[in-house]
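Asks: sequence first, predicted coordinates after that:
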Amino acid sequence: VQMPVDSPCLFVIVGKNDNLIYQSQLSAQKKESATHFSQFIVHSSLDVVDDLVWKTNTMYLKAVDRFSNSNISAFVTAGYIKFLILHEKKDEDGIKNFFNEVYELYLKILQNPFYQLNSPITSSVFDEKVKSIAKKKLDL
Amino acid sequence: SAKQMSSQGGAKDLARVGETIFKSVDRFNYELFIMTYGAMVAQLLRDHEDVQEVNTRLEKMGHNIGLRLIEEFLARSNLNRCQEFKDTAEVIAKVGFKMFLGVAAGVTNWDQKKEEYSLILDENPLNDFVELPEGCQHLWFSNILCGVIRGCLEMLQWRVECKFVKDVLKGDETSEIRVKLIEIIPEEIPVGED
């Protein structure tokens, strides 16, 4: 009996220097290799995001890139921090809501006087909340 | 008994006083205040490797503020100076904290001689959004408050020791400041008088 492979759903936050600030595998992806592959896809879409950012004044960029079955959607904050999500299922509304809620969380992280801008987010509270928002808002 | 009743009125009356003044005071942007305080603590941590040094500095800053804040406090609150040390507790908790921080504190854990008490902060606006970084378990983030209390009481001739014993930022359920009377500061007789 073949176990169904959950559709991969990788969420990353990328800083101003294309540095990784946060990442989370939101689906129940078991294979480590799948995560690495997803990261690669997401990273390669950064150039596309950089171009698109100047063409719109909203933060949510919708789908910016494709790779075989996967879509990459992006959300770029006022401070030019990029939220990217790799997903197979089309779920524009869900992803938009997810981005907006995670953005609120990100703003709270910024308010922590001990958080250095553009540095990795290590807070386990943040991690738990992102996963919980993903469960509620995304069609996984 | 008459001795038990503070000349200032009970905790409830004081709470009302605190509430009234809090509402009437012009307040500038609360978020800016919180962020300024946080930025200052973060900078102190970068400047001093030793966390205890940061605690000491925060307390000294607070002390400096307290020495001057007491005048404004008495003027605004229109309260009389406390006759006895034990009366200071509720005044600080219900009026002082409410006026300046926006949230009143609770008073508890009195010692037998009524010379030591705890201020319980269920809420501390200075803590909003703060997560202590690694290696800062010994930091009392809001230690400035201890200095403020010490400075205020010093101007009223009470030398106290004031320190945090619990902090929500460290995982405790509430934040708790312990205030302990060390001595009554004798009034200085001006030179030339007997």
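Replies: Good, I have the coordinates. Numbers count the residues shown, from 1 in each chain, chains lettered A, B, ... in the order given.
Asks: could I get the pLDDT score of residue B:7?
Replies: On the pLDDT scale, residue B:7 is placed at 50.
Asks: for residue B:170, same thing?
Replies: The score at residue B:170 is 93. That number is its pLDDT.
Asks: that one: neighbouring residues, count only.
Replies: 15 (other CB atoms under 10 Å in any protein chain shown). All C-beta atoms are positioned from the backbone trio N, CA, C, and that covers glycine.
Asks: then residue B:60?
Replies: Using other CB under 10 Å, residue B:60 is surrounded by 15 other residues.
Asks: now the strands for chain A?
Replies: Taking DSSP state E to define them, one finds strands in chain A at A:9-14, A:20-25, A:60-67, A:70-76, A:82-87.
Asks: can you check chain B too?
Replies: Assigned by DSSP E, chain B shows strands spanning B:106-108, B:116-121, B:158-166, B:175-184.
Asks: mean pLDDT and distance to residue A:24 added to these, as a markdown table?
Replies: Listed next are the strands of chain B as a markdown table, based on pLDDT from 0 to 100; distance: least, CB to CB, whole Å:
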| stretch | mean pLDDT | distance to residue A:24 |
| --- | --- | --- |
| strand B:106-108 | 95 | 40 |
| strand B:116-121 | 96 | 34 |
| strand B:158-166 | 97 | 33 |
| strand B:175-184 | 96 | 32 |
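Asks: what's the closest non-adjacent residue to residue B:104?
Replies: In space, residue B:104 comes closest to residue B:98 once its chain neighbours are excluded; the distance is 4.3 Å by CB to CB, 6 or more residues apart in numbering or on different chains.
Asks: surely that neighbour touches residue B:15?
Replies: Yes: at 7.3 Å, residue B:98 counts as touching residue B:15 under the criterion of CB atoms under 8 Å.
Asks: deepest-packed of the strands of chain A, please.
Replies: Looking across the strands of chain A with neighbours counted as mean count of other CB atoms under 10 Å in any protein chain shown, the highest average goes to strand A:82-87: a mean of 25.
Asks: so who does residue B:15 touch?
Replies: If you count contacts by CB atoms under 8 Å, 6 or more residues apart in numbering or on different chains, residue B:15 has them with B:94, B:98, B:104.
Asks: between these, which is closest to residue B:32?
Replies: Relative to residue B:32, the closest of the contacts of residue B:15 is residue B:98; by CB to CB it sits at 20.0 Å.
Asks: okay, now the closest one: neighbour count?
Replies: Residues lying near residue B:98 (other CB under 10 Å) number 23.
Asks: could you pick out the residues of chain B near chain A for me?
Replies: When proximity is defined by CB under 8 Å from any CB of the partner chain, chain B lies next to chain A at B:35, B:37-39, B:41-42, B:45, B:128-133, B:136.
Asks: among these, name the buried ones.
Replies: If you count burial by 16 or more other CB atoms under 10 Å in any protein chain shown, the buried members of the residues of chain B next to chain A come out as B:35, B:37, B:38, B:41, B:42, B:45, B:129, B:130, B:131, B:132, B:133, B:136.
Asks: for those residues, which one is nearest chain A?
Replies: Set against chain A, the nearest of these by CB to the nearest CB is residue B:38 (2.8 Å).
Asks: what's around the residue nearest to that closest one when sequence neighbours are not counted, how many residues?
Replies: Taking CB to CB, 6+ apart, and ignoring the residues beside it in sequence, residue B:38 has residue A:113 as its nearest neighbour in space, at 2.8 Å. For residue A:113, the tally of surrounding residues (other CB under 10 Å) stands at 22.
Asks: one more: residue B:144?
Replies: By other CB under 10 Å, the residues close to residue B:144 number 23.
Asks: go ahead and confirm it touches residue B:37.
Replies: Yes: using CB under 8 Å, residue B:144 is in contact with residue B:37, at 7.3 Å.
Asks: list the contacts for the closest residue to residue B:149 other than its chain neighbours?
Replies: Spatially, and ignoring its direct neighbours in sequence, residue B:149 is nearest to residue B:162 (4.8 Å; CB to CB, 6+ apart). For residue B:162, the contacting residues are B:59, B:146, B:147, B:149, B:150, B:153, B:177, B:178, B:179, B:180, by CB under 8 Å, 6+ apart.
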